[in-house]
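*Asks:* Structure for this input, please:
(chains A, B, C, D, E and F)
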There are 6 protein chains.
Amino acid sequence: MSELVEEFNGYRSKMNERMLEENQKLIKRVFSLDTIAFQEGHLPIKTKELLGLGNSLVLRCDDCVKYHLQACHQLGLSKDEVFEAMSISLLIGGTIVIPHLRRAFEFWDALENN
Amino acid sequence: MSELVEEFNGYRSKMNERMLEENQKLIKRVFSLDTIAFQEGHLPIKTKELLGLGNSLVLRCDDCVKYHLQACHQLGLSKDEVFEAMSISLLIGGTIVIPHLRRAFEFWDALENN
Amino acid sequence: MSELVEEFNGYRSKMNERMLEENQKLIKRVFSLDTIAFQEGHLPIKTKELLGLGNSLVLRCDDCVKYHLQACHQLGLSKDEVFEAMSISLLIGGTIVIPHLRRAFEFWDALENN
Amino acid sequence: MSELVEEFNGYRSKMNERMLEENQKLIKRVFSLDTIAFQEGHLPIKTKELLGLGNSLVLRCDDCVKYHLQACHQLGLSKDEVFEAMSISLLIGGTIVIPHLRRAFEFWDALENN
Amino acid sequence: MSELVEEFNGYRSKMNERMLEENQKLIKRVFSLDTIAFQEGHLPIKTKELLGLGNSLVLRCDDCVKYHLQACHQLGLSKDEVFEAMSISLLIGGTIVIPHLRRAFEFWDALENN
Amino acid sequence: MSELVEEFNGYRSKMNERMLEENQKLIKRVFSLDTIAFQEGHLPIKTKELLGLGNSLVLRCDDCVKYHLQACHQLGLSKDEVFEAMSISLLIGGTIVIPHLRRAFEFWDALENN
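*Replies:* Predicted coordinates for the structure are as follows:
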């Protein structure tokens, strides 16, 4: 597996586990809502993941972008669909989004080359 | 037409016109990109408008939310689909989004009662 | 009761009710977490409300600031304590916070004159 | 004087006074830094006010934008200069800035018609 | 001392010194306000540091979070108190805060293992 | 050339090329607007780059700050002018900007030592 992807997933899993170890009710519940939020509902899962991706990109959170890129990739969304969704976030969020877009493209390529 | 909707559209049109009157190349081009961005592409228009809505909600821009709510309504997206998209933005953007959600619900009701 | 306070509470209650009417699981759960978050825990309620206030102020959400100002007032926090907490948010959040601080002071005075 | 401008300045003065009344050392010092920041220095005042305007616009603070628009107007900056500066902020900050740009144009027109 | 903590403090001290070397009045004064802000006042220092931590977390500034975590640790705040304060910021700031929370937990553990 | 500067420029060029390779009309157009925005207009290029720098700093985008610092350096803006512009952004954006300012100073020094 690509080093970039592996490193991201490794740190993410390790620290999520670490956080849930603590008995912080609020943190645990927010985590469980996070699972519920991206399940099939009135909207299909693919649309929900694109929403998660777009929201994360305008809020300029690299790790959140990576997480949703990976979910999009696993769901079989095409590169064109994913990049088009991100281009909308670029327009809405402005050129300040560009550095995050660079890292997003790099991560997507790593996902495809896995 | 509902007063809330009418007022929003009236001010928006008047000031957009005012802005384009000025010979500011950059502003004009950003406006024309805005039109291109929400046209049918790899993703269907409905998905794009939901993306516009979600992005606007986490960035907490009431007027942008209203604009995309109106577009979603005109495209025939259901209340359940629209509210579900917004609930994802609430989770990602946090409870700080709630006041904007209140105004979004109010505007959606105004759209439905038009 | 002061008009400013009454208007704020009236709209807030009405629209919260409206939102919970919808069967949006995610929205309902976020609302219930919001209640849990500000209950006595390892930290006293007063500290938690000051945290809610400070967080809301740097995120520049007027309605959230008003909500937590009201809670602080009801808990008997003094003006000096509340304003000092807000002054920290001014420093961290920058002068961009000043317009929100103006409205916060106005709302606090309305709470005191109730 | 235009009602829009008058109302803005009236509320601003009243509440600034109210804030400085309190004995909050930190708030007072931030206010005095605000005065220092926009005095002639290595950069001319006009450039500094354009910086204040641009920063306020990407942070999407309407009142801060109005304040710096007024300062720019008083310093004799031309409409073209001011609007060009704002167009850069539109590009960097994204279309989410557009609603704030509408209100900025409206306020500028009010300043010119004073 | 833990490498993570040492590296953070080393770079921070070096660059703070570098910044104050320059004769930028405004920067120097903001730094001195930063010292004043977290001194005993109407609120106890512990509460102030929790406020600094919470504000930094919702604004998603890793270095600021680390700085206040360290101050909280030195003041003897317990892990439960600190994590509870951060859980409020998670709720208010949304799941976009999670990646910063991961790094915060990691840094806290490093502080405890020093 | 300084390693810091070289690394930044290398990654930036590589990934910009990668992004433009894709046939994403919207992304390409935003990139071309970015070129137009910083050309001589009603405002001199130097002022425009200072605006780009200041906007990027309050939005806390390290890569954008580095890009505009480099442009300022190439245009012959003095350290005093550049640092003064950044000090305004520190005041408006708050102490949350400080970590980005540290990295900005470091990058400027690297540019000067090239």
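*Asks:* number of nearby residues for the closest residue to A:V58 other than its chain neighbours?
*Replies:* Nearest residue to A:V58, sequence neighbours excluded (C-beta to C-beta, 6 or more residues apart in numbering or on different chains): A:G93, at 3.8 Å. All C-beta spots, glycine's among them, are computed from the backbone N, C-alpha and C. A:G93 has 27 neighbouring residues, counting by other C-beta atoms under 10 Å in any protein chain shown.
*Asks:* Check what pLDDT A:G93 gets.
*Replies:* In this model, A:G93 is scored at 98, pLDDT.
*Asks:* For the helix or strand containing A:L51, which helices and strands make contact with it?
*Replies:* Using DSSP states H and E, A:L51 sits within helix A:45-58. The helices and strands touching helix A:45-58, judged by 3 or more C-beta pairs under 8 Å, 6 or more residues apart in numbering or on different chains; DSSP states H and E, are helix A:62-74, helix A:79-93, helix A:98-112, helix B:45-58, helix B:79-93.
*Asks:* Check those for me and report the most buried one.
*Replies:* Of all the helices and strands packed on helix A:45-58, helix B:45-58 carries the top mean neighbour count, a mean of 26, counting by mean count of other C-beta atoms under 10 Å in any protein chain shown.
*Asks:* any idea how far that one is from the chain center?
*Replies:* Helix B:45-58 sits 7 Å away from the centroid of its parent chain (C-alpha atoms, centre = their mean, to the nearest Å).
*Asks:* what does chain A put close to chain D?
*Replies:* Contacts of chain A with chain D, taken as C-beta under 8 Å from any C-beta of the partner chain, map to A:V58, A:L90, A:L91, A:I92, A:G93, A:G94, A:T95, A:I96, A:V97.
*Asks:* Return the residues in contact with the closest residue to the last one other than its chain neighbours.
*Replies:* Of all residues not flanking A:V97 in the chain, A:L90 sits nearest, at 5.0 Å (C-beta to C-beta, 6+ apart). With contact taken as C-beta atoms under 8 Å, 6 or more residues apart in numbering or on different chains, A:L90 is in contact with A:L57, A:V97, A:I98, A:L101, D:G94, F:L26, F:I27, F:V30.
*Asks:* The fourth one and F:L20 touch, don't they?
*Replies:* I take that to be A:L101. No: with contacts counted by C-beta atoms under 8 Å, A:L101 stays clear of F:L20, the gap being 11.4 Å.
*Asks:* which residue sits farthest out from the middle of chain A?
*Replies:* Distance from the C-alpha centroid of chain A, by C-alpha atoms, centre = their mean, peaks at A:N23 (26.0 Å).
*Asks:* Distance of that residue relative to E:K79?
*Replies:* A:N23 sits 11 Å away from E:K79, going by C-beta to C-beta, to the nearest Å.
*Asks:* what's near enough to touch the spatially most central residue of chain A?
*Replies:* In chain A, the C-alpha nearest the mean C-alpha coordinate belongs to A:H68, at 2.1 Å (C-alpha atoms, centre = their mean). Counting by C-beta under 8 Å, 6+ apart, A:H68 touches A:E49, A:G52, A:L53, A:S56.
*Asks:* For chain A, what lies in contact range of chain E?
*Replies:* By the criterion of C-beta under 8 Å from any C-beta, the positions of chain A lying close to chain E are A:11-12, A:15-16, A:18-19, A:22, A:24, A:26-27, A:30, A:34, A:55-56, A:59, A:61-64.
*Asks:* So how do I select the buried members of the residues you listed in PyMOL?
*Replies:* Buried residues among those (16 or more other C-beta atoms under 10 Å in any protein chain shown), as a PyMOL selection:
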select buried, chain A and resi 12+15+19+24+26+27+30+34+55+56+59+61+62+63+64
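*Asks:* Show me the contact partners of the biggest helix by length in chain A.
*Replies:* When chain A is parsed with DSSP state H, its longest helix is helix A:3-21. For helix A:3-21, contacts defined as C-beta under 8 Å, 6+ apart pick out A:27-28, A:31, A:63, A:66-67, A:70, A:106-107, A:110-111, A:114, E:101-103, E:105-106, E:109.
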